[in-house]
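Asker: Here's my sequence, what's the structure:
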Amino acid sequence: MAEHYWVETLGCPKNQVDSDKLVGTLVGDGLEAAAAPGDADLVVVNTCAFIEAARTESIDTVLALADLRRPGARLVVTGCMAERYRDELAAALPEVDLVAGFGVSLTGTNQPPATATPGTTATPPTTTPVSLTSKPLPGSGAGPGATVQVPSFDLLNLPRPPATAPWAYVKVAEGCDRNCGFCAIPSFRGKQRSRTAGSIVAEIGQLGSGAAPLREVVLVAQDLASFGRDRSTGSVPGSPGPAPGAIDAPIGEGRRPLVDLVRTVADLVRWTRLLYLYPSSLDDALVDAILATGVPYFDLSLQHVSRPLLKRMRRWGEGDRFLDRIAAIRRDEPAAAFRSSFIVGYPGETEEDHDQLLAWLGEAQLDWVGFFPFSPEEGTHAAGLDGQVPAELVAERLRECAELQDAVTAARRDLLIGTRVEVLVDAPGEGRTYREAPEIDGIVSLPTDLAVGTFVDVVVTGAAGPDLVAEPVGPDGSLSVPPAGSRGDIPVGALR
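Answerer: A predicted model of the protein is given here:
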């Protein structure tokens, strides 16, 4: 009888991609998915370690699953927290059977799946010591507390199971070459390592090989706009691109590898979305490529708008530059959607800095914004900076930012009432327009009889905070239910 697994994923979409790759290895090792954590023989927690709150959530989840697992089941902790704090976790969590870093076998068989997706370039297995803090896993040949040699593999390029939703995140690179003052990711994810375009295309083909059609691909990386630059040939600016079809040709410094990739992916699926763009890399060529996909959605990693504070963060930019870029994009596409995130309470943040951020948010009118309290990360530049902001003041500033942005988001959603939009049906009764990234932004509530994976023209009939309600447009362009609270000053299709 086959053993069963359960994978619990915490953190960002990049972690979800890693979990999908882990599922591929587990299935290749002969395991089957469990219906619930308590039914699994192997329980895996893919952790996040970006900030203190994420680490706390990771520990709480590990302990909760330890209580839920059935007798004899193994509990494995992997992901960012396992990579960054492997020894500490092994010592502090006797409930855990294995703390495994990136690309370490979780089953003890120590082999990636027997079949590989065409175009991938998996690294040959190597051996790395891993401590087992409780009973050994099958095949380890070691007793409790022993250190065993467990082969590692290239997690980034492992194949994935077919997508179960009409969309999928695809990680195109691992690591980051930037040196932001607050971020510890390069210390445990390493320098940027971009995949080949061929391996990405092959993965998209694998994701779309299931019963459900794949309609949207969301490209992600720690520094997405720098994709491919680590694979540069060092050629002079202005060098020509590869011959048609040669998507794995060497990349020259004068080309934008991400632009080429976006165009390639856009030929494969209806919607192509990009997440986590560093603002200085958003040049005209990349903007044009994004607009050409038909998904005018811009996720910009801004972090703050005060120039002095951004310099302390070791970041590029300032509020006026950001506003100018957003305005330029809106001139080309008035219906473009924008998302960003900001750190509140970074060391040295003054009341003037905070007021500048509030004023900027009111002027920018972004669709979606996330706010995070500063978290002093061990080994980062910011951990030793003076001017630490008291926790009570950080909490107050977070509330002010959230309240302002919630009102902005709600107002922008209200503007859509009465307009005709196209939605992708993600699940029975639930869909999204191009304005909403999956599992991050709001949703559109729909009738439950619309087929999953289809694109449907609808008219927005209501809004509740970040979410919308819509009804399909009939053959004659009419609705069976009139829009409640529709705005007569905004014609149908005006924001399409």
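Asker: and stretch 280-295, average pLDDT?
Answerer: The average pLDDT within stretch 280-295 is 96.
Asker: by contact count, what packs against the longest strand seen in the chain?
Answerer: Assignment by DSSP state E gives strand 455-464 as the longest strand of the chain. Contacts defined by 3 or more CB pairs under 8 Å, 6 or more residues apart in numbering; DSSP states H and E place strand 455-464 against helix 391-414, strand 420-427, strand 467-472. C-beta here means a position set from N, CA and C on the backbone, and glycine is covered the same way.
Asker: Can you lay out these as TSV showing distance to residue 321?
Answerer: Converted to TSV, these look like this (distance: least, CB to CB, whole Å):
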stretch	distance to residue 321
helix 391-414	20
strand 420-427	31
strand 467-472	32
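Asker: looking at these, which is closest to residue 227?
Answerer: With CB to CB as the measure, strand 420-427 is the member of the helices and strands packed on strand 455-464 nearest residue 227 (24.5 Å).
Asker: Can you name the next helix or strand after the closest one?
Answerer: Toward the C-terminus, strand 420-427 is succeeded by strand 430-432 as the next helix or strand (DSSP states H and E).
Asker: List of residues touching that following strand?
Answerer: With CB atoms under 8 Å, 6 or more residues apart in numbering as the test, strand 430-432 has contacts from 423-426, 438, 441, 443-446, 450, 456, 458, 470.
Asker: for stretch 299-319, the distance to its chain's centre please.
Answerer: On the basis of CA atoms, centre = their mean, to the nearest Å, stretch 299-319 sits 21 Å off its chain's mean C-alpha point.
Asker: quick one on the thing from earlier: of the contacts of strand 430-432 - the most surrounded one?
Answerer: residue 470 (28 neighbours; other CB atoms under 10 Å).
Asker: got the end-to-end distance for stretch 421-438?
Answerer: End-to-end span of stretch 421-438 (CA to CA, to the nearest Å): 17 Å.
Asker: Mind checking the pLDDT average for that stretch?
Answerer: 97.
Asker: Repeat that for stretch 465-475.
Answerer: For stretch 465-475, the per-residue pLDDT values average out at 92.
Asker: Regarding that stretch, how distant is the last residue from the first?
Answerer: This stretch, stretch 465-475, spans 30 Å end to end (CA to CA).
Asker: Repeat that for stretch 341-354.
Answerer: Length of stretch 341-354, first residue to last, CA to CA: 14 Å.
Asker: List the buried residues of it.
Answerer: By neighbour count on 16 or more other CB atoms under 10 Å, the buried set for stretch 341-354 is 342, 343, 344, 345, 346, 347, 348, 349, 353, 354.
Asker: is the second one in a bridge, and if so with what?
Answerer: In this case it means residue 343. In this entry, residue 343 is beta-bridged to residue 372, by DSSP bridges.
Asker: Run through the strands of the stretch 151-300 of the chain in chain order.
Answerer: Using DSSP state E, counting those that start in this stretch, the strands of the stretch 151-300 of the chain run over 167-171, 173-174, 193-194, 216-220, 271-274, 297-303.
Asker: What strand or helix carries the closest residue to residue 295 other than its chain neighbours?
Answerer: Excluding the flanking residues, the one nearest residue 295 by CB to CB, 6 or more residues apart in numbering is residue 434, at 4.5 Å. Remark: residue 434 resides in no helix or strand, with elements defined by DSSP H and E.
Asker: count of residues packed around residue 434?
Answerer: 21.
Asker: contacting residues for it?
Answerer: Residues near residue 434 by CB under 8 Å, 6+ apart: 271, 273, 294, 295, 296, 297, 337, 422.
Asker: Just flag the most distant two among the residues you listed.
Answerer: So, the contacts of residue 434 by CB to CB: farthest apart are 273 and 422, at 14.5 Å.
Asker: just checking, residue 282 touches residue 325?
Answerer: Yes. Counting by CB atoms under 8 Å, residue 325 is a contact partner of residue 282 at 6.4 Å.
Asker: what bits of the stretch 201-350 of the chain have low per-residue confidence?
Answerer: 232-255 (pLDDT under 70).
Asker: buried sites along stretch 68-75?
Answerer: 68, 69, 73, 74, 75.
Asker: Against residue 57, how distant is the residue nearest to the fourth one when sequence neighbours are not counted?
Answerer: This means residue 74. Spatial nearest neighbour of residue 74, chain neighbours left out: residue 97 (4.5 Å); criterion: CB to CB, 6+ apart. Distance, residue 97 to residue 57, by CB to CB, to the nearest Å: 21 Å.
Asker: For these two, indicate the residue with more neighbours.
Answerer: Neighbours per residue (other CB under 10 Å) separate residue 97 from residue 57, with residue 97 holding more: 25 against 15.
Asker: How about the backbone phi and psi for that one?
Answerer: Phi and psi for residue 97, reported as degrees, to the nearest 10, are phi -90, psi -30.
Asker: For residue 63, grab the count of nearby residues.
Answerer: Neighbour count of residue 63, defined by other CB under 10 Å: 15.
Asker: Pull out the buried positions in the helix or strand in which it is found.
Answerer: Assigned by DSSP H and E, residue 63 belongs to helix 52-68. Using 16+ other CB under 10 Å as the test for burial, helix 52-68 gives 54, 55, 58, 59, 61, 62, 65, 66, 68.
Asker: Break the protein down into its structural domains.
Answerer: The chain is divided into the following domains under automatic domain parsing: 4-156, 167-412, 415-496.
Asker: mind checking how far the last one is from the chain centre?
Answerer: So that's domain 415-496. 24 Å.
Asker: just to revisit the earlier point, determine which two of the buried residues of stretch 68-75 are furthest apart.
Answerer: Using CB to CB, the pair of these lying farthest apart is 68 and 74, separated by 13.4 Å.
Asker: what residues do these two have in common as contacts?
Answerer: In contact with both residue 68 and residue 74: residue 43, using CB under 8 Å, 6+ apart.
Asker: give the contact list for residue 374.
Answerer: Contacts of residue 374 by CB under 8 Å, 6+ apart are 182, 343, 344, 345, 346, 347, 349, 382, 389, 394.
Asker: Just the ones in helices from the residues you listed, please.
Answerer: Secondary structure from DSSP state H places residue 394 of the contacts of residue 374 in helices.
Asker: Take the contacts of residue 374 and write them to a markdown table, including distance to residue 205.
Answerer: Formatted as a markdown table, these follow (distance: CB to CB, whole Å):
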| residue | distance to residue 205 |
| --- | --- |
| 182 | 38 |
| 343 | 38 |
| 344 | 42 |
| 345 | 45 |
| 346 | 42 |
| 347 | 47 |
| 349 | 46 |
| 382 | 42 |
| 389 | 48 |
| 394 | 46 |
